[in-house]
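K.L.:
no sequence on hand, only this structure:
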């Protein structure tokens, strides 16, 4: 059984993971949550000039997102509480946005996205689904079109894995050699041991 599973915020998927892998820790993709908060911030956090016209304020969005990242990167519950207070202060003039973040994201998901909770399980720094999506994107390049059958899919997967294995072996070969370097008249040998 996997120890940690990372998903996007798809409720159906999250429910299935809980049922099929009851002993696994389910985390939510930090990247998706960040994008969601940023999009909502741009929508709800608008500043108006003295004439009542909306001002494009990337600095405001950057400040709010910086406060958000402090919440997510909080290593302890105490730091989390401090970061939330700071976030509330930064967002006090945007109650709609603040309510959305607290009720829709922090209340139900804090234990799945904040380091104070997520770092209690061994996830080796994987807090997003980006690697899986990258692998999926790479695999799609091996399919010529979206039509096919199991045999065509199998051949595409096999071709992709063969190329990846060759690249890994080549990199391993390069990294396991002895390199000679000269430094100010001294001959240095650097040995990479794997």
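P.N.:
Thanks, I have the structure now. Remember, it's a predicted structure, so these values are computed and weren't measured experimentally.
K.L.:
and residue 74, how many neighbours?
P.N.:
20 (other CB atoms under 10 Å). In this view, the C-beta of every residue, glycine as well, is placed from N, C-alpha and C.
K.L.:
which SSE is it in?
P.N.:
Under DSSP states H and E, no helix or strand contains residue 74.
K.L.:
surely it touches residue 87?
P.N.:
No - in this structure residue 74 lies outside contact range of residue 87 using CB atoms under 8 Å: 10.5 Å.
K.L.:
mind checking the SS state of residue 69?
P.N.:
helix (DSSP: H, G, I helix; E, B strand; the rest coil).
K.L.:
how far is stretch 168-175 from where the chain is centred?
P.N.:
Relative to the centre of its chain, stretch 168-175 is centred 28 Å away, using CA atoms, centre = their mean, to the nearest Å.
K.L.:
now swap in stretch 11-29 and tell me
P.N.:
The chain centre lies 17 Å from the centre of stretch 11-29; the measure is CA atoms, centre = their mean.
K.L.:
mind listing what's buried in that stretch?
P.N.:
For stretch 11-29, burial by neighbour count (16 or more other CB atoms under 10 Å) applies to 14, 17, 25, 26, 27, 28, 29.
K.L.:
please apply the same query to stretch 33-43.
P.N.:
Neighbour counts over stretch 33-43 (16+ other CB under 10 Å) mark 33, 34, 36, 37, 40, 41, 42 as buried.
K.L.:
need those residues in JSON lines with secondary structure, distance to residue 160 and pLDDT, can you?
P.N.:
Converted to JSON lines, those look like this (DSSP: H, G, I helix; E, B strand; the rest coil; distance: CB to CB, whole Å; pLDDT from 0 to 100):
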{"residue": "33", "secondary structure": "helix", "distance to residue 160": "29", "pLDDT": "93"}
{"residue": "34", "secondary structure": "helix", "distance to residue 160": "29", "pLDDT": "93"}
{"residue": "36", "secondary structure": "helix", "distance to residue 160": "31", "pLDDT": "93"}
{"residue": "37", "secondary structure": "helix", "distance to residue 160": "34", "pLDDT": "95"}
{"residue": "40", "secondary structure": "helix", "distance to residue 160": "36", "pLDDT": "93"}
{"residue": "41", "secondary structure": "helix", "distance to residue 160": "38", "pLDDT": "92"}
{"residue": "42", "secondary structure": "helix", "distance to residue 160": "37", "pLDDT": "89"}
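K.L.:
can I get those residues in a markdown table including distance to residue 155?
P.N.:
Converted to a markdown table, the buried residues of stretch 33-43 look like this (distance: CB to CB, whole Å):
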| residue | distance to residue 155 |
| --- | --- |
| 33 | 37 |
| 34 | 37 |
| 36 | 37 |
| 37 | 41 |
| 40 | 43 |
| 41 | 45 |
| 42 | 44 |
